[in-house]
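[1] when you get a sec, could you give me coordinates for this:
(one chain, ligands or ions: 1)
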Amino acid sequence: MRGTPGVAMRILLVEDEVTAARMLAKGLREVSYAVDSASDGGEALYLASINDYDLIILDVMLPGKSGLEVCRDLRFGGSAVPLLMLTARTSVPDRIEGLNTGADDYLSKPFDFRELVARVRALLRRGPALRSEVIGIADLTIHERVRRVQRAGRDVDLTTKEYALLDYFAWHPGQVLGRAEISEHVWDENFDAFSNVIDVYIQRLRRKIDDGSSHKLLCTVRGEGYKLCPVPAEENV
Ligand code: CA
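    This next block holds a predicted model:
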């Protein structure tokens, strides 16, 4: 097998359609990759947390957590594993969304298996991905490497904690995040669940990023938590 780039590479295949998953796994094994399969997002995140994969092939349309959410969660958790997204969608905004959430490449279904293998090899050669350096949500821009935040081109000065909070929201745009979830990802184990520290930080962050803008990015979802609204609330139905 010398000279075969696929040797000793372990792949996680995330696809809920049983027949497609079985065929892909079989084909990938035939070209010498070790393949684990997951049929939903939760299982994918679990397997990715306990195994060190060289590549993840991720279907966008999954029951429960979508491929885009899985991708975001992996990247937010600091994973740099190369990610190839499989999508049935062909519209440009969806592809851009896939790449913006941290996928390294995408392949539209239906695809030729040889093309999948070619993409897999190209990604494996490239090695671990760098986490995307710039996140853009509406007119908010986060330059992650230098931790610089701008709203409508104006610099927003944030403390380390405010930045971490905003960054967490930015990795889950449009998703309602409850206090428990926020505390788990942004605060450490010394977090006091009975304090109102999250609400205080949200207010501060909101003042800094939303004051003076008609489009309020940081929205409260009563009884549930908060979310970052990529589109103004009145259009966000
Ligand atoms: Ca699917």
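[2] these two touch, right, Gly42 and Pro63?
    No: the pair formed by Gly42 and Pro63 falls short of the contact definition of CB atoms under 8 Å, at 9.7 Å. Backbone N, C-alpha and C define where each C-beta goes, glycine included.
[3] any shared contact partners between these two?
    When contacts are counted by CB atoms under 8 Å, 6 or more residues apart in numbering, Gly42 and Pro63 have no shared neighbour.
[4] so between these two, which is more surrounded?
    It is Gly42, of Gly42 and Pro63, that has more neighbours when counted by other CB atoms under 10 Å, with 14 against 10.
[5] can you show me the CA trace of the helix or strand the more buried one falls within as CSV?
    With elements taken from DSSP states H and E, the one containing Gly42 is helix 41-50. Extracted as CSV, the C-alpha positions of helix 41-50 are listed here (Å, rounded to 0.1, in the frame of the first residue of the first chain):
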residue,chain,number,x,y,z
GLY,A,41,-25.2,15.1,15.2
GLY,A,42,-25.1,14.2,18.8
GLU,A,43,-23.4,10.9,18.1
ALA,A,44,-21.0,12.7,15.8
LEU,A,45,-20.0,15.2,18.5
TYR,A,46,-19.6,12.4,21.0
LEU,A,47,-17.4,10.2,18.8
ALA,A,48,-15.3,13.3,17.8
SER,A,49,-14.8,14.1,21.5
ILE,A,50,-13.4,10.6,22.3
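[6] for the protein, what lies in contact range of the ion?
    With CB under 5 Å from the ion as the criterion, the chain meets the ion at residues Asp16, Asp59, Met61.
[7] OK, contacts around Ser39?
    Counting by CB under 8 Å, 6+ apart, Ser39 touches Val14, Glu15, Asp16, Val18, Ala21, Leu62.
[8] let me know the pLDDT of Pro230.
    Each residue has a pLDDT score; the one for Pro230 is 86.
[9] and it, how close does it get to the ion?
    Here the distance between Pro230 and the ion works out to 24 Å (CB to the ion, to the nearest Å).
[10] I'd say that residue and Asp139 touch.
    No: the criterion here is CB under 8 Å, and Pro230 misses it with Asp139 at 10.5 Å.
[11] mind listing what's buried in the helix holding Gly42?
    Within helix 41-50, the residues that count as buried by 16 or more other CB atoms under 10 Å are Gly41, Glu43, Ala44, Leu45, Leu47, Ala48.
[12] quick check: next helix or strand after the lowest-mean-pLDDT helix or strand in the chain?
    With mean pLDDT, DSSP states H and E as the measure, the helix or strand of the chain carrying the lowest mean pLDDT is helix 92-100 (a mean of 68). Reading on from helix 92-100 to the C-terminus, the next helix or strand found by DSSP H and E is strand 105-108.
[13] sheet partners, orientation included, of that next one?
    Strand 105-108 has its sheet partners listed here by DSSP bridges as strand 83-87 (parallel).
[14] ok, residues contacting the strand it pairs with?
    Contact partners of strand 83-87, identified using CB under 8 Å, 6+ apart, comprise 15, 55-61, 67, 71, 74, 94-95, 98, 102-109, 111, 116, 119-120, 123, 129.
[15] and it, average pLDDT?
    Strand 83-87 shows a mean pLDDT of 91 in the predicted model.
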